[in-house]
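Q: kindly return the folded structure for what I paste below:
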Amino acid sequence: MNAPHAAASQRFNLRLLLLVLAIGLGLNFVGVGHLLLGLRRVLSPDDLTLLLRFSGVLLLVLIPAAGIYSLVNEFAFWEGWLEGLPRAEQLFSGHHASGSSHRCYVVYLDGIHQLERDHPPRVSQFLEVLEQQLRPDMLLVRGLETYTVMPVPLAEDAGSAWFWRRLFALQEHHPNLLVQLLAAIFVQANNVIKVGISSDRRYGPILNYELALKISLRLSEAGFRPDGVSRIALVGYSGGAEMAMGVADYLRRISRAPVSIISFCGVFSGNQVVNSVAGITTIVGTRDPVAAFGRIAYPGRLPLLPLSNWNKALARGAIDRREITGMNHNGSSGPFSEAFRLAVIQQITAALDAHAAAAPAQTGC
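A: Alright, predicted model coming up:
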């Protein structure tokens, strides 16, 4: 194994070790005995047995299989075996003269809770309010499946549609609520795997390039043209922030337009190429443990490594950090709740204006 691959493996192993330690510390804090005792009180013996069996299959078989399939899928695309995404040079061809109908295209990338093209109700309400707050020359691009790279939903994936359809059927129609819950957890585990691949220096570039092509295709359908005036803003929640960081430079090259990033409650590595990004704003809650854990899981964001991509961007003042007091990662005090929805949206629109002011030669966002 050569030095770069060895270093990449060590970084991956470190992140895995930190995750295991965090789980171990959490179990130690709660107490394994108390945890099992609590489960016995809530669940019947049959339900507890079902939970343990399904969880074992989930951890030992399904999640590793999903990870392997994701990597194989990236390789298949890179080798030209998959169809559905256009080549980069075919995007926006022949449209230079017509120009875009908007000056700023705001692309929303959802968190790992996204199960399909439609967003959960709270997220949909959030996006409706955000769309109302945007200026007339801005267009919100929503409904992108952030964690599938081909322009089809999981249930229509050529190689695994049979599996996802069965899993969604279990989630929606199985009479046992535990099976429904574990099926939903597995879909989210698949999304977490995609976030991990995006942050990995070995396999991430392929996935990020694929997702950049998918976003470019959607932008083309929405009327974007590389006219030298229009800009793109990627707005990522939670794991969607990592996907935004990963695709930004590729999207800039494909679209030939400035690309900025706005994350809220973001969990991201800081490993990505961010020196070419037109602006980065991170919106964080003071009571968000998930985003805080992301800084530990990805050492490149710690001040101990000043030469990392993220810290170099910090040093040159390219990153604007905004805090919202009392906001958590999700739930009744999360960014989609009524308590904090408007505050987050105000910060997003303010960041869009700030990115525009930082580039006076451009109009829009």
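
Q: quick one, what contacts the closest residue to Phe126 other than its chain neighbours?
A: Among residues not flanking Phe126 along the chain, Phe336 sits closest, at 4.8 Å (Cβ to Cβ, 6 or more residues apart in numbering). Using the backbone N, CA and C atoms, a C-beta is placed for each residue, glycine as well. Phe336 makes contacts with 122-123, 125-126, 330, as judged by Cβ atoms under 8 Å, 6 or more residues apart in numbering.

Q: any chance of those in a markdown table, with neighbour count too?
A: A markdown table is the format used below for the contacts of Phe336 (neighbours: other Cβ atoms under 10 Å):
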| residue | neighbour count |
| --- | --- |
| Arg122 | 17 |
| Val123 | 19 |
| Gln125 | 14 |
| Phe126 | 22 |
| Asn330 | 18 |
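
Q: using a markdown table, please lay out these together with distance to Ile261.
A: Listed next are the contacts of Phe336 as a markdown table, based on distance: Cβ to Cβ, whole Å:
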| residue | distance to Ile261 |
| --- | --- |
| Arg122 | 23 |
| Val123 | 19 |
| Gln125 | 23 |
| Phe126 | 18 |
| Asn330 | 21 |
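
Q: which two among those are spaced furthest apart?
A: By the measure Cβ to Cβ, Gln125 and Asn330 form the most distant pair in those, at 14.3 Å.

Q: all strands for the protein, in order.
A: Along the chain, counting by DSSP state E, strands occupy 104-109, 138-141, 231-237, 259-264, 279-285, 319-324.

Q: okay, the ones you listed in a markdown table with distance to Arg341 and mean neighbour count next?
A: As requested, those are arranged in a markdown table below (distance: least, Cβ to Cβ, whole Å; neighbours: other Cβ atoms under 10 Å):
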| stretch | distance to Arg341 | mean neighbour count |
| --- | --- | --- |
| strand 104-109 | 14 | 26 |
| strand 138-141 | 15 | 21 |
| strand 231-237 | 12 | 27 |
| strand 259-264 | 11 | 28 |
| strand 279-285 | 12 | 23 |
| strand 319-324 | 11 | 16 |
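
Q: let me have the ones you listed in JSON lines, adding mean pLDDT as columns.
A: Shown next, in JSON lines, are the strands of the chain (pLDDT from 0 to 100):
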{"stretch": "strand 104-109", "mean pLDDT": "97"}
{"stretch": "strand 138-141", "mean pLDDT": "96"}
{"stretch": "strand 231-237", "mean pLDDT": "97"}
{"stretch": "strand 259-264", "mean pLDDT": "97"}
{"stretch": "strand 279-285", "mean pLDDT": "96"}
{"stretch": "strand 319-324", "mean pLDDT": "96"}
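
Q: closest one to Arg295 among those?
A: Per Cβ to Cβ, nearest to Arg295 of the strands of the chain: strand 279-285, 9.9 Å.

Q: and Ala169, how many neighbours does it have?
A: Ala169 is flanked by 12 other residues according to other Cβ atoms under 10 Å.

Q: how near is it to Gln180?
A: Using Cβ to Cβ, to the nearest Å, one obtains 10 Å as the distance from Ala169 to Gln180.

Q: before we move on, the earlier item: make TSV out of the strands of the chain and add distance to Ala357.
A: Listed next are those as TSV, based on distance: least, Cβ to Cβ, whole Å:
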stretch	distance to Ala357
strand 104-109	13
strand 138-141	15
strand 231-237	13
strand 259-264	12
strand 279-285	10
strand 319-324	11
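
Q: touching, Met327 and Pro335? I think so.
A: Yes - using Cβ atoms under 8 Å, Met327 is in contact with Pro335, at 6.3 Å.

Q: shared neighbours, these two?
A: Counting by Cβ under 8 Å, 6+ apart, the residues touching both Met327 and Pro335 are 265, 285, 344.

Q: let's have the residues you listed in TSV, adding distance to Val106.
A: Below are the shared contacts of Met327 and Pro335 laid out as TSV (distance: Cβ to Cβ, whole Å):
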residue	distance to Val106
Cys265	17
Gly285	21
Val344	14
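
Q: just give me the closest of these to Glu145.
A: Nearest to Glu145 among the shared contacts of Met327 and Pro335: Cys265, at 19.6 Å, using Cβ to Cβ.

Q: now for Gln114: which residues touch it?
A: By Cβ under 8 Å, 6+ apart, the contact set of Gln114 is 120, 145-147, 191.

Q: redo that, cut-off 10 Å
A: For Gln114, the contact set (Cβ atoms under 10 Å, 6 or more residues apart in numbering) comprises 120, 123, 144-148, 187-188, 191, 237-240.

Q: where in the stretch 1-150 of the chain is pLDDT low?
A: In the prediction, the stretch 1-150 of the chain carries residues with pLDDT under 70 at positions 1-87, 93-99, 115-118, 150.

Q: my guess is Tyr298 contacts Ser199. True?
A: Yes - between Tyr298 and Ser199 a contact is recorded at 6.9 Å, counting by Cβ atoms under 10 Å.

Q: higher neighbour count, these two?
A: Per other Cβ under 10 Å, whichever of Tyr298 and Ser199 has more neighbours is Ser199, with 28 against 22.

Q: could you pull up the residues touching the more buried one?
A: 11-12, 15, 207-208, 239, 242-243, 245-246, 267-272, 297-298, 300.

Q: just want to know which of Met327 and Pro335 has more residues nearby.
A: Pro335 (28 against 23).

Q: do I have it right that that one meets Gly326?
A: No - using Cβ under 10 Å, Pro335 is not in contact with Gly326; the gap is 11.5 Å.
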